[in-house]
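Engineer: next one to model:
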Amino acid sequence: MKYVELGKTGEKVPAIGFGTWKLGNEGIDAIKKSIELGANFIDTAEMYGNEAIVGRAIKGADAFIATKVSPHHLHYDDVIKACNTSMQLLGVKQIDLYQIHWPNPAIPIKETMKAMEKLVDEGKIRYIGVSNFSLNELKEAQSAMSKYDIVSNQVEYNIMVRGIENDLLPFCRKEHITVIAYSPLARGAVFKEKKVYKLLNGLAGKYGKSIAQIALNYLIADGGVVAIPKASDPKHVEENVGAADFTISKEDMMKIKHFL
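Structural biologist: Predicted structure coming up:
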């Protein structure tokens, strides 16, 4: 497994993790398999409604747990309450990474971050992250911090949605903010869009890997990115984890980068 430093924390997390959006009880074995294979970065959210399911899957395991507070719970007292509820549902005494799921311009970011930093002080969370924050929103969130860093920004990123490569990703790498890539397989579109499929299928044959492994490897190749594909089948978990154990040539990386 390839590892990535989470922000500037010194904490190493796997470059391939596990996303749980729309995942129910059928995904428990897959989560357990992911942890077993070293892809123990497990991401969920208050809004997903499955923190209790994730909690059952991670019970007794060495997992790095990331969850998110909903955008309508960003007032100070609501953040504290939401975190306590998430801890209870997950069955943990501490959340490793607590993220703001979406920005909410109706609630001052300073108020939200004051609560997030209070949670770190109390030992309820270890690190603070954001999700779906644009470059300007991320900078504003950074300026709202008084004593801790924002260590991550979770955004949609895949070979078909690469807008962050223009500004957000370079900024995050410069600032040592880890990008967590959700929908890294474009919700299955990498297998359906003819032009994409043809390119990836050709590279899969060349490297003896699957289309999914090529698509995931592209995202994590240059560091600073954790991809969190979802899988309900343990076999798919094994396939996803295998995306971190090979190197695509610079020439082929450029083919992927410029195919659109």
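
Engineer: neighbours of residue 243, just the number please.
Structural biologist: 26 (other C-beta atoms under 10 Å). The way it works is simple: take the backbone N, C-alpha and C, and place the C-beta from them, glycine included.

Engineer: apart from its chain neighbours, what residue comes closest to residue 230?
Structural biologist: Nearest non-adjacent residue to residue 230, counting by C-beta to C-beta, 6 or more residues apart in numbering: residue 19, 4.5 Å away.

Engineer: an error on my part: the question was meant for residue 97.
Structural biologist: Per C-beta to C-beta, 6+ apart, closest to residue 97 is residue 66, 3.9 Å.

Engineer: and what of residue 248?
Structural biologist: Going by C-beta to C-beta, 6+ apart, residue 248 has residue 217 as its nearest residue, at 5.6 Å.

Engineer: my guess is the one you found meets residue 241, correct?
Structural biologist: No: Residue 217 is not in contact with residue 241 according to C-beta atoms under 8 Å; the separation is 11.5 Å.

Engineer: how close does the residue lying closest to residue 47 once chain neighbours are set aside get to residue 21?
Structural biologist: Leaving aside its sequence neighbours, residue 47 sits nearest to residue 70 (C-beta to C-beta, 6+ apart; 5.0 Å). Here residue 70 is placed at a distance of 14 Å from residue 21 (C-beta to C-beta, to the nearest Å).

Engineer: got any residues that touch both of the two?
Structural biologist: residue 45 (C-beta atoms under 8 Å, 6 or more residues apart in numbering).

Engineer: hmm, back to that, neighbours of the residue nearest to residue 230, how many?
Structural biologist: Other residues close to residue 19 by other C-beta under 10 Å number 24.

Engineer: residue 136 looks like it's in a helix, true?
Structural biologist: Yes: secondary structure assignment places residue 136 in a helix (DSSP: H, G, I helix; E, B strand; the rest coil).

Engineer: that one: how many residues sit nearby?
Structural biologist: 11.

Engineer: for residue 105, same thing?
Structural biologist: Residue 105, neighbours per other C-beta under 10 Å, totals 9.

Engineer: so who does it touch?
Structural biologist: By C-beta under 8 Å, 6+ apart, residue 105 has no neighbours at all.

Engineer: secondary structure class for it?
Structural biologist: Residue 105 is classified as coil under three-state DSSP.

Engineer: report pLDDT for the residue nearest to residue 248.
Structural biologist: Looking at residue 217, its pLDDT is 98.

Engineer: ok, how many other residues are close to it?
Structural biologist: Residue 217 - counted by other C-beta under 10 Å - has 25 other residues nearby.

Engineer: contact partners of whichever strand or helix holds it?
Structural biologist: Assessed by DSSP states H and E, residue 217 sits inside helix 211-220. Here helix 211-220 makes contact (C-beta under 8 Å, 6+ apart) with 2, 4, 15-16, 157-159, 181, 184-186, 190-191, 197, 200-201, 203-204, 207, 209, 225-227, 229, 236, 239-240, 242-244, 246-248, 253, 256.

Engineer: again, but for stretch 177-184
Structural biologist: Taking C-beta under 8 Å, 6+ apart as the rule, stretch 177-184 contacts 4-7, 13, 17, 19, 21, 43, 66, 129, 131, 138, 149-158, 161, 164, 168-169, 171-172, 215-216, 219, 224-229.

Engineer: where exactly do the helices run in the chain?
Structural biologist: 28-36, 51-58, 76-90, 109-121, 135-143, 168-175, 194-207, 211-220, 234-241, 250-257 (DSSP state H).

Engineer: out of everything not next to it in sequence, what's closest to the residue nearest the centre of the chain?
Structural biologist: Nearest residue to the geometric centre of the chain (C-alpha atoms, centre = their mean): residue 180, 3.4 Å. Excluding the flanking residues, the one nearest residue 180 by C-beta to C-beta, 6+ apart is residue 154, at 3.8 Å.
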